[in-house]
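> when you get a sec, could you give me coordinates for this:
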Amino acid sequence: MVDVTEEKSQLILVESAVLPAVFLKVLEAKKLISKGLVKNSSEACKTVDISRSAFYKYKDSVFWYEEKHTQRTITLYFRLSDEPGVLSSVLSLLYRHEANVLTVNQNIPVDGVADVTITLRLKEKELSMQQLSKDFSAIQGIVEVKRI
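Take a look at the predicted model:
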């Protein structure tokens, strides 16, 4: 027999359809607050129709799970020509492929090229690295690109 009274904290994955509605409402309230769509937690609680006590009880314990099987995070290293629009073209290409850009770090250009790293989240089944590399090769001004 398993002792379920154990105090050790652990994470469990549960299908949202079987959860009490309060957990999903807390998640929605947290999203409203983080996106700045409401002024404070009181307004968020009113918007999603939960009590503030329920919000504060669960807010630090419920989180959305990002499915690792449908998305992947990668970091790309670029050497870009110091010309107007090159980085913009790279970002536009990523946008067209529905990549979520998480970070962009660009160094000051030296000898006409700038080192840039971009961390992004891709939808795994919709885009291969080969296709992405092929599309990057069509952008004038990319001196080098590699996955790191």
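
> chain center to the helix ranked longest in the chain: distance?
Under DSSP state H, the helix in the chain containing the largest number of residues is helix 21-34. Centroid separation between helix 21-34 and its chain, computed with C-alpha atoms, centre = their mean, to the nearest Å, is 18 Å.

> now do the strands in this protein.
Remark: strands assigned in the chain by DSSP state E are 71-81, 100-106, 113-123, 142-147.

> can I get the second one in PDB? Just the C-alpha atoms.
Taking only C-alpha atoms (Å, rounded to 0.1, in the frame of the first residue of the first chain), the coordinates of strand 100-106 have been written out as PDB:
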ATOM      1  CA  ASN A 100       8.400  32.000 -31.400                       C
ATOM      2  CA  VAL A 101      11.600  34.100 -30.900                       C
ATOM      3  CA  LEU A 102      12.600  34.000 -27.200                       C
ATOM      4  CA  THR A 103      15.900  35.900 -27.300                       C
ATOM      5  CA  VAL A 104      18.000  37.900 -29.800                       C
ATOM      6  CA  ASN A 105      21.600  38.900 -28.900                       C
ATOM      7  CA  GLN A 106      23.600  40.900 -31.400                       C
END
